[in-house]
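Trainee: Let's see this in three dimensions:
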Amino acid sequence: MPRTRSHTDITESSVESNNNNMAAANESPSASRAPFVDGSAPSSSSPSIVMTEQQLLRLVQLLQMQSPAPAATCASPSPALSQGNFAKCTARFDGAKESDVVAFIDAIEVYKECVSMEDSIALRGLPMLFTGLAATWWQGVKASIESWSNAMDLLKQTYGPRLPPHRIYREIFSKEQGDETTDMFVCRVRALIAQLPPGSLKEDVQLVMVYGLLSTRIREKIPLSGFKLYAELLSQARRLEDLFEEGRPRQRKTDAGDGLSPAIPQKSASPSISTVKTKSRLLCGYCKRYGHEKADCSRLRERNQTKATDGTSSPPSVSSLVCFGCGAPGVIRANCTTCRASSTSSAMPFQAVAAVSATCQPRSRPVMRVGMYGEYARLLVDTGAKQSIASDSLRNFLCKNNHVFHKVHYDFKFANGVTNSDIVETALVDVTVQGVVVPTQFVVLPGATESLLGINFVRDAGMVLDFRRDIWSLRDKPGSFPLEYENVGTRIVCSMVDLLREDEATRLTVEERVQLSNDLDNNRDIFEPGGAATSFAVHRIDTGDHPPISVPPYRVTPAKKNILKKEIDKMLQEGIIEEADSEWTSPVVLVPKKDGTVRFCVDYRKLNHITRADKYPLPLIDELIQSTKCNSVMSTIDLKSGYWQIEVAPEDRDKTAFVSPFGTFRFRRMPFGLRHAPSTFQRLIDRFRSGLKDMTVVCYLDLDFDHIR
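Mentor: Numbers count the residues shown, from 1 in each chain. Predicted coordinates:
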């Protein structure tokens with residue numbers, strides 16, 4: 001029966017289109033349309049229908065969709081009758097950096113071939129497989145894609161590896177086979193070779209390259225001439241790796257383990273990384289001997305058995321700790337209660353050295369009573385001195401006893417780092433200490449005021465110094481002896497005080513106290529408070545051409561505001577400050593003192609930053625103490641508010657102005673907190689003491705200047 005236009009699948013629009021096509025049959029080329037005639041009816045009596053190839057293909061697809069599916073056969077379906085699409089394809093590509101576009105293209109090509117999908121249908125369904133960035137990319141390039149092959153080429157160009165051939169070769173030869181299996185290594189190298197242009201390397205050349213990158217243990221067993229294909233190489237490598245796996249000792253359960261579950265056997269078909277490690281001698285991790293592993297170590301087994309036996313039958317072990325001081329068992333000397341209770345501290349007499357300073361407590365040095373030529377004296381023990389030092393007085397004593405000296409060339413290095421080389425005298429003297437004679441080498445140091453027993457004497461005598469308990473002992477004499485210290489200046493008063501010491505004149509006799517009282521009474525005018533500023537020094541503030549600096553005041557509490565008011569009134573009454581109208585202003589700071597009171601200071605940090613340096617040298621406390629060793633009587637003079645004894649230059653007074661809730665004021669006397677105030681005060685003392693011929697005056701400044709930095 002001929003198929004007519006009354007068929008349900010042919011719409012009216014298609015009929016009209018067919019009529020139009022038949023009307024123009026004589027004008028169109030024959031290749032663009034073809035008659036459709038049913039073979040069961042004669043062609044002379046049936047009307048012919050003319051349609052395009054696309055219409056014919058659409059008609060065939062509609063008929064196939066309505067007809068039942070034929071039984072599955074081994075033969076592949078005809079391409080013309082295929083209905084495949086990407087509806088059931090699970091491959092997806094998101095365009096991410098870690099995504100593999102080559103694997104994606106291979107997957108969809110195989111799927112397309114299996115379902116006999118045509119290029120046009122595959123091209124229309126390709127967007128279903130894109131996600132993320134790849135879907136966005138497709139929206140931008142789909143208008144320029146004309147065919148399936150064009151889409152695949154553009155996809156490879158956009159997301160495929162773009163390494164040039166020389167980069168691929170560098171990547172291939174960058175890494176040799178390590179712990180990975182031969183299958184995995186060859187797979188990685190072949191994947192890189194596949195990125196080269198087609199026909200770049202023949203298979204025999206590829207095999208030589210891959211063989212050269214294999215590990216030495218594989219190349220030792222498999223010669224290059226033993227294979228001609230990848231399959232042959234991989235087959236021999238697998239057998240060789242299986243032999244390596246069989247040669248390795250299996251994991252065993254140690255005797256020390258209890259209740260451990262047996263190890264799960266590994267599958268031989270997929271060797272782990274440990275099966276391909278480089279073959280080496282077995283080394284025990286416990287006894288560090290070769291030939292066995294830790295699991296098979298006999299020493300470890302014996303140790304575990306010994307522990308198990310000791311835990312059940314042996315008594316608890318006794319501690320071998322012994323106190324070094326008293327010999328008490330089971331404790332060290334630092335934790336020994338007996339030694340702690342017996343420790344004593346040496347009492348140090350008060351003796352001031354400086355007038356203005358901060359609290360400091362230098363430790364006294366140990367001294368030793370020793371004898372030479374029947375005479376006894378106390379010498380300092382200095383473990384930091386390599387040689388014993390003889391002073392001028394000790395040299396004179398030895399000369400009186402006709403002791404022999406030898407001149408040698410000696411290199412000195414003092415504690416301050418200064419080195420010197422000179423020819424000095426040495427003497428080997430028999431030193432008696434607690435009845436033990438110790439021959440000691442002394443070096444006569446010119447100008448030395450004290451003799452020292454150095455480390456050579458300490459070691460030769462076998463002396464042990466216990467500063468914790470203040471005792472010492474000798475190697476050749478049993479028992480211990482109390483440790484004595486030098487009776488020299490100890491404590492140093494370092495802060496400016498407003499009151500006299502409570503122990504003032506307590507060491508004087510009654511007659512001496514009366515004489516001191518009379519002297520103070522006769523010179524009452526000298527000790528009266530107040531008076532004009534000194535004429536020995538004037539403080540100047542050199543800021544160059546810098547413009548004035550103004551800093552707003554700090555907020556103060558009501559309690560501190562009352563203290564501030566009292567301090568300002570007091571300084572106004574004494575003439576320390578005066579009212580001012582200055583462009584230079586700094587905020588006020590109340591610094592607490594150790595006696596609970598406060599010191600009125602000004603925060604001059606901004607001013608100090610622009611003040612030019614006054615590099616006047618300040619003495620060191622160690623040098624001052626050293627200079628007073630030969631003095632037998634010491635006393636202190638505290639200058640009350642010492643800085644206020646010095647006048648500020650009139651042209652620089654505006655720079656000292658400070659702002660407060662009660663107005664703006666400036667200093668007439670030198671205030672605390674200025675950058676070069678210590679240098680000016682030290683200059684004053686140096687000028688003052690230069691006129692004292694037979695008296696040693698020491699001045700040291702060690703105040704807390706953190707508030708001016």
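
Trainee: helices or strands next to the longest strand belonging to the chain in the packing?
Mentor: In the chain, taking DSSP state E as the definition, the longest strand is strand 419-433. Where contact means 3 or more Cβ pairs under 8 Å, 6 or more residues apart in numbering; DSSP states H and E, strand 419-433 is packed against strand 366-372, helix 392-400, strand 406-413, strand 436-444. C-beta here means a position set from N, CA and C on the backbone, and glycine is covered the same way.

Trainee: And these: which comes nearest residue 185?
Mentor: Closest approach to residue 185 among the helices and strands packed on strand 419-433 (Cβ to Cβ): strand 406-413, 64.7 Å.

Trainee: Can you spell out which helices and strands pack onto the closest one?
Mentor: strand 419-433.

Trainee: returning to that earlier point: I'd like the helices and strands packed on strand 419-433 written out as CSV, with distance to residue 581 added.
Mentor: Shown next, in CSV, are the helices and strands packed on strand 419-433 (distance: least, Cβ to Cβ, whole Å):
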stretch, distance to residue 581
strand 366-372, 63
helix 392-400, 65
strand 406-413, 61
strand 436-444, 69
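
Trainee: So for residue 591, which of these sits nearest?
Mentor: Residue 591 sits nearest to strand 366-372 of all these, at 39.2 Å, using Cβ to Cβ.

Trainee: can you pull the buried residues of the longest strand of the chain?
Mentor: Neighbour-count burial for strand 419-433 flags 424, 425, 426, 427, 429, 431, 432, 433 (criterion: 16 or more other Cβ atoms under 10 Å).

Trainee: same question, stretch 155-173
Mentor: Buried, per 16+ other Cβ under 10 Å, within stretch 155-173: 155, 159, 160, 168, 169, 172.

Trainee: what about it, start to end distance?
Mentor: 28 Å (Cα to Cα, to the nearest Å).

Trainee: which SS state does residue 553 fall under?
Mentor: Under the three-state scheme (DSSP: H, G, I helix; E, B strand; the rest coil), residue 553 adopts coil.

Trainee: That one is in contact with residue 659, isn't it?
Mentor: Yes - Residue 553 lies in contact with residue 659 (Cβ atoms under 8 Å); the separation is 4.8 Å.

Trainee: between the two, who's got more neighbours?
Mentor: Taking neighbours as other Cβ atoms under 10 Å, residue 553 and residue 659 compare with residue 659 leading, 20 against 15.

Trainee: Quick check: which element contains that one?
Mentor: Residue 659 belongs to strand 658-660 when assigned by DSSP states H and E.

Trainee: Need the contact partners of that strand.
Mentor: Applying Cβ atoms under 8 Å, 6 or more residues apart in numbering, the contact partners of strand 658-660 are 552, 553, 564, 568, 585, 586, 587, 588, 602, 664, 665, 666.

Trainee: Determine which two of those residues are furthest apart.
Mentor: 552 and 568 (17.9 Å).

Trainee: about what we covered before: show me the contacts of strand 658-660 that map onto helices.
Mentor: 564, 568 (DSSP state H).

Trainee: Rounded mean pLDDT for the longest strand of the chain, please.
Mentor: Averaged over strand 419-433, pLDDT sits at 87.

Trainee: how much does it deviate in direction from strand 436-444?
Mentor: Comparing the axes of strand 419-433 and strand 436-444 via axes from the mean of the first three to the mean of the last three Cα atoms, to 10 degrees yields an angle of 160 degrees.

Trainee: Strand 366-372 and strand 419-433, what's the angle between them?
Mentor: Using the same axes, to 10 degrees: strand 419-433 against strand 366-372 is 70 degrees.

Trainee: Next, the angle helix 392-400 makes with strand 419-433.
Mentor: Going by the same axes, to 10 degrees, strand 419-433 makes 60 degrees with helix 392-400.

Trainee: And for strand 419-433, what's in contact with it?
Mentor: Contacts of strand 419-433 (Cβ under 8 Å, 6+ apart): 368-372, 390, 395, 398, 403-414, 437-446, 453, 457, 461, 474.

Trainee: need the buried residues of strand 419-433 in CSV with distance to residue 385, can you?
Mentor: Shown next, in CSV, are these (distance: Cβ to Cβ, whole Å):
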residue, distance to residue 385
424, 14
425, 17
426, 14
427, 16
429, 16
431, 15
432, 20
433, 17
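
Trainee: residues of the helix or strand encompassing residue 684 that come out buried?
Mentor: Residue 684 is part of helix 677-689 when elements are defined by DSSP H and E. Neighbour-count burial for helix 677-689, with 16+ other Cβ under 10 Å as criterion, is recorded at 677, 678, 679, 680, 681, 682, 683, 684, 685, 686.

Trainee: Same question for stretch 435-449.
Mentor: 438, 440, 442, 443, 444, 445, 448.

Trainee: before we move on, back to that, which one of the buried residues of stretch 155-173 is nearest residue 651?
Mentor: Looking across the buried residues of stretch 155-173 and measuring by Cβ to Cβ, the closest to residue 651 is residue 159, at 81.2 Å.

Trainee: Would you check how far apart that closest one and residue 124 are?
Mentor: Residue 159 sits 21 Å away from residue 124, going by Cβ to Cβ, to the nearest Å.

Trainee: so what's the nearest residue to residue 580 once chain neighbours are set aside up against?
Mentor: Nearest non-adjacent residue to residue 580, counting by Cβ to Cβ, 6 or more residues apart in numbering: residue 666, 3.8 Å away. Residue 666 makes contact with 577, 578, 579, 580, 582, 653, 654, 656, 657, 658 under the criterion Cβ under 8 Å, 6+ apart.

Trainee: Buried members of those residues into ChimeraX, please.
Mentor: Listed next is the ChimeraX selection for buried residues among the contacts of residue 666, using 16+ other Cβ under 10 Å:
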select :577,580,582,653,654,656,657,658
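
Trainee: Among the contacts of residue 666, name the ones in strands.
Mentor: Among those, the members falling in strands are 577, 578, 579, 658 (criterion: DSSP E).

Trainee: With pLDDT and distance to residue 94 added, can I get these in TSV?
Mentor: Formatted as TSV, these follow (pLDDT from 0 to 100; distance: Cβ to Cβ, whole Å):
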residue	pLDDT	distance to residue 94
577	91	80
578	92	83
579	91	81
658	91	72
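
Trainee: If we only consider those, which is nearest to residue 468?
Mentor: residue 658 (51.6 Å).

Trainee: Now the closest one: closest residue in space, sequence neighbours ignored.
Mentor: Per Cβ to Cβ, 6+ apart, closest to residue 658 is residue 602, 4.5 Å.
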